[in-house]
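J.: This is the structure alone, sequence omitted:
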Ligand SMILES: [Ca+2]
Ligand SMILES: [Ca+2]
């Protein structure tokens, strides 16, 4: 079994359930996934972007968008974020504030422009809230940088809405190889309610990944022995 196959199996197991490895219980981390039927040019970069959702107390919830891309071959930049709220939770978020505890050279301004490819996201209900760089490309979220956005909101209700898909978060990333761009939307953990501790989720994801890996090895050995016989 190739190392890349092992890694992908582990990632599949962890990615399905991971919330965070070290974040407090009042925070959750979501990955991003490709949009089915959309552009494929940036598919390999979806894994490089993360969203931390944190309960700041006092009825404030922080959404932190992080760019963890390797810059070996390109320097992908997060250039738009979009929040899509279903009508059933239309009052979930209010009082949007941008650029809260950003890291790096990042400055965004409010924008509710359409997220490209969002017509291919099931249940996407338009851009309810959103933002894009306030200035040139340097103000986008490059590798190692982050963008923070807060809302007045109930943290548990926000997590429940993300898990239910009534709140969806999309991002548009540019400066991909060849100058291409692509859009992604948030992944949803398979564990729903109640929200388990991060360590339990990590363990479950790892166990699933390892189980899949060992099954693969077992099947392979069995096949090899069968061929010999
Ligand atoms: Ca894509
Ligand atoms: Ca920047």
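T.: Here it is on my side, so go on. These numbers come from a predicted model, not from an experiment. Numbers count the residues shown, from 1 in each chain. Ligands and ions are numbered 1, 2, ... in the order given.

J.: Give the bridge partners for the closest residue to residue 56 other than its chain neighbours, please.
T.: In space, and not counting its chain neighbours, residue 56 is closest to residue 62: 5.1 Å by CB to CB, 6 or more residues apart in numbering. In this view, the C-beta of every residue, glycine as well, is placed from N, C-alpha and C. When assigned by DSSP bridges, residue 62 has beta-bridge partners residue 54, residue 150.

J.: Residue 62 contacts residue 150, correct?
T.: Yes: here residue 62 lies in contact with residue 150, judged by CB atoms under 8 Å, at a distance of 5.0 Å.

J.: Could you say which helix or strand holds residue 30?
T.: When secondary structure is defined using DSSP states H and E, the element that contains residue 30 is strand 27-34.

J.: Show me which residues of this structure sit near ligand 1.
T.: Proximity of the chain to ligand 1 is confined to 34, 38, 39, 43, 182 under the rule CB under 5 Å from the ion.

J.: Looking at those residues, which is nearest residue 188?
T.: When those are compared for distance to residue 188, the smallest value, 14.1 Å, is given by residue 34; criterion: CB to CB.

J.: separation between the closest residue to the closest one other than its chain neighbours and ligand 2?
T.: The spatially closest residue to residue 34, leaving aside those adjacent along the chain, is residue 43, at 4.8 Å (CB to CB, 6+ apart). Between residue 43 and ligand 2 the distance, using CB to the ion, to the nearest Å, works out to 23 Å.

J.: try residue 156
T.: Taking CB to the ion as the measure, residue 156 and ligand 2 are separated by 32 Å.

J.: Doesn't that residue belong to a helix?
T.: Yes: if the criterion is DSSP: H, G, I helix; E, B strand; the rest coil, then residue 156 is within a helix.

J.: how deep is the nearest residue to residue 101 once chain neighbours are set aside tucked in, by neighbour count?
T.: Taking CB to CB, 6+ apart as the measure, residue 101 lies nearest to residue 148, with 4.5 Å between them; neighbours along the chain are not counted. Counted with other CB atoms under 10 Å, the burial measure for residue 148 works out to 21 neighbours.

J.: Please identify the helix or strand for residue 148.
T.: With DSSP H and E as the criterion, residue 148 is inside strand 146-152.

J.: quick one: average confidence on that strand?
T.: In this model, strand 146-152 has an average pLDDT of 98.
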